[in-house]
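>>> no sequence on this one, just coordinates:
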């Protein structure tokens with residue numbers, strides 16, 4: 001890792017994210033998991049994108065605030081700010097101002113660009129592996145003045161791969177790393193050695209969040225364990241819970257304090273956490289000693305003197321905060337609110353109403369492990385009982401969303417344009433009848449004998465407390481009733497909903513996922529080994545052929561050779577129907593005109609550190 005959409009995760013390129021259809025409206029969603037941009041988007045040139053300028057003059061506007069403080073509304077309070085312990089999008093928006101990765105991603109071309117380190121020199125090695133050589137920026141320093149070094153990189157990778165650390169969603173991306181070789185004469189140079197070619201190796205290494213060893217492992221416990229023993233899946237499994245140093249480190253690293261207390265959250269980025277008022281807000285201050293202060297590169301900038309994240313779960317409260325100018329930025333208001341507010345004269349003077357193509361999708365996740373949706377024909381019937389076009393017309397008009405049909409989003413060369421499963425109650429009923437569902441007692445609800453007991457087709461649909469999400473639930477209830485299926489719509493906050501999905505304690509739930517415009521690597525979401533907590537395969541999808549394809553895709557570097565694998569994988573998903581794929585919404589932003597900024601299709605659509613106060 002797919003709105004009042006909020007998002008989830010953290011690898012800037014492998015940004016798996018989860019999204020919530022707005023409470024005000026994951027999808028990162030950092031999800032989740034992101035709508036791939038149209039071909040025209042990939043054709044953008046490498047020139048820096050100009051700062052956004054507004055058609056309306058702001059010279060005569062009397063703004064409530066005249067300070068260099070950026071105030072951002074978050075729909076969900078972050079679970080914590082330890083980067084590898086959560087994939088929550090709202091948390092990612094905050095922590096990306098505190099922590100940095102080895103490389104970043106150009107917002108226009110999606111190419112890897114330097115951040116903490118140079119882009120890698122990539123070479124084939126004897127034995128079939130590949131090496132990636134980096135050098136950390138000589139100016140890069142930690143808040144205590146120590147240089148960011150290769151030792152910190154090794155420590156960071158060990159922390160993620162520690163089998164007792166709760167970083168399950170990220171581990172699969174790094175099991176291919178064999179070792180890291182450092183330079184005896186230069187503490188900033190290092191070479192990452194991989195066991196074999198891997199499709200996303202370059203992106204995964206680039207996305208490595210670098211922690212300061214001095215702050216997170218002052219006793220150097222992880223130095224007692226070889227990196228290769230942690231990045232070998234079988235070896236790591238043997239060490240889990242048995243190595244005293246690994247267990248002791250993980251106990252502290254996994255703790256709440258490391259994710260919430262200002263003095264324990266230490267990164268190389270332009271900001272530091274100074275306060276966290278539970279249920280209210282958290283505040284970041286510009287670091288006066290930041291190593292890249294004054295940089296002309298957006299990805300390194302920290303221009304606002306302070307960034308305040310206000311936790312506002314209620315959509316109407318967010319609207320009120322915009323009217324009162326208590327916030328400068330709101331993401332993904334409901335489509336109805338967004339369209340209504342952009343016609344408001346007072347708000348039009350003070351805010352830009354901006355949309356960019358989305359990089360997330362939403363779908364109805366079905367529990368394939370047990371219950372109603374263990375049967376394939378029943379799952380296929382669900383796809384014919386959801387009128388996706390009606391959802392778009394009612395909740396996302398005027399190009400605020402586009403329909404999706406599978407886990408590969410349109411615009412990629414290997415997208416398989418398979419037959420669409422359109423709304424067709426008669427076909428759905430035929431499939432359900434074939435699966436053994438019929439109304440034997442004449443009460444209007446389908447039933448079926450399961451293990452000697454007559455079971456009514458009544459299930460719970462978990463959704464988010466937002467206008468769109470609850471509206472989708474109401475429509476589903478109506479559509480399902482047409483064929484004798486009874487649906488109870490249960491709205492709950494995003495965190496609670498994902499907890500239920502992770503536990504497998506559900507029938508069907510609305511889920512948002514996001515993917516960056518890299519070649520798809522499906523292990524995290526679709527491999528049978530990635531059921532939570534090992535990944536985000538919440539459906540419990542398990543297919544032997546799909547597992548083989550997922551593994552083959554991951555180690556096949558040639559686009560031409562991967563193409564038929566991608567297409568066959570999509571055919572399997574289309575046939576097995578673990579999810580009813582719905583929409584990819586556009587990212588909707590309301591941004592104060594007090595600041596100049598650039599937009600990007602990469603969630604959340606802007607770089608908060610690059611906001612520049614207009615004089």
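Received the coordinates, thanks. Predicted model only: the values in this text are computed from it and were never measured.
>>> how far is stretch 555-563 from where the chain is centred?
The chain centroid and the centroid of stretch 555-563 are separated by 25 Å under Cα atoms, centre = their mean, to the nearest Å.
>>> residues making contact with it?
196-199, 413-414, 519, 553, 565 (Cβ atoms under 8 Å, 6 or more residues apart in numbering). Every residue, glycine included, has its C-beta placed from N, CA and C.
>>> Could you check the pLDDT of residue 89?
In this model, residue 89 is scored at 85, pLDDT.
>>> Does it touch residue 587 like I think?
No: with contacts counted by Cβ atoms under 8 Å, residue 89 stays clear of residue 587, the gap being 11.4 Å.
>>> what sits in contact with each of the two?
Jointly contacting residue 89 and residue 587 under the rule Cβ under 8 Å, 6+ apart are 603-604.
>>> which of the contacts of stretch 555-563 are buried?
197-199, 414, 519, 553, 565 (16 or more other Cβ atoms under 10 Å).
>>> from those, which is closest to residue 220?
Set against residue 220, the nearest of those by Cβ to Cβ is residue 198 (29.4 Å).
>>> hey, what's residue 459 bridged with?
In this entry, residue 459 is beta-bridged to residue 487, by DSSP bridges.
>>> Residue 509 too?
Residue 509 forms beta bridges with residue 365, residue 462, as assigned by DSSP bridges.
>>> Residue 75 versus that one, what's the distance?
18 Å (Cβ to Cβ, to the nearest Å).
>>> How about residue 268?
Applying Cβ to Cβ to residue 268 and residue 75 gives a distance of 28 Å.
>>> More neighbours: which of those two?
Legend: neighbour count by other Cβ atoms under 10 Å for residue 268 and residue 75, higher for residue 75 (29 against 26).
>>> Would you check that that one makes contact with residue 312?
Yes: contact criterion Cβ under 8 Å: residue 75 and residue 312 qualify, at 6.8 Å.
>>> CSV for the contacts of stretch 555-563, including distance to residue 296 and secondary structure?
Compiled in CSV, the contacts of stretch 555-563 are given as follows (distance: Cβ to Cβ, whole Å; DSSP: H, G, I helix; E, B strand; the rest coil):
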residue, distance to residue 296, secondary structure
196, 39, coil
197, 36, coil
198, 34, coil
199, 33, coil
413, 35, coil
414, 37, coil
519, 31, coil
553, 39, helix
565, 42, helix
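>>> So of those, which two are at opposite extremes in space?
Most distant of the contacts of stretch 555-563, by Cβ to Cβ, are 196 and 413, 24.0 Å apart.
>>> Which residues does stretch 413-423 contact?
380, 383-390, 405-406, 408-409, 479, 559, 562-563, 566-567, 570-571, 574, 577.
>>> Of the residues you listed, just the buried ones, ChimeraX syntax please.
Selection of buried members from the contacts of stretch 413-423 for ChimeraX, criterion 16+ other Cβ under 10 Å:
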select :380,383,384,385,386,387,388,405,406,408,409,479,562,566,567,570,574,577
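>>> Which of the contacts of stretch 413-423 fall within helices?
Secondary structure from DSSP state H places 380, 383, 388-390, 479, 559, 562-563, 566-567, 570-571, 574 of those in helices.
>>> pLDDT check: weakest of the residues you listed?
For the ones in helices among the contacts of stretch 413-423, the minimum pLDDT belongs to residue 559; the value there is 89.
>>> what's the spacing between it and residue 412?
According to Cβ to Cβ, residue 559 stands 10 Å off from residue 412.
>>> can you list the weak-confidence ranges in the stretch 501-615 of the chain?
Applying pLDDT under 70 to the stretch 501-615 of the chain flags residues 515-517.
>>> switch to 90 and redo it
Counting by pLDDT under 90, the stretch 501-615 of the chain has low-confidence residues at 505, 512-521, 524, 533-536, 554-555, 557-559, 584-587, 600-604, 615.
>>> can you give me the strands for it?
508-514, 579-585, 587-592, 595-596, 612-613 (DSSP state E, counting those that start in this stretch).
>>> do the stretch 1-150 of the chain as well
Going by DSSP E, counting those that start in this stretch, the stretch 1-150 of the chain shows strands at 17-19, 69-74, 103-105, 112-114, 121-124, 130-135.
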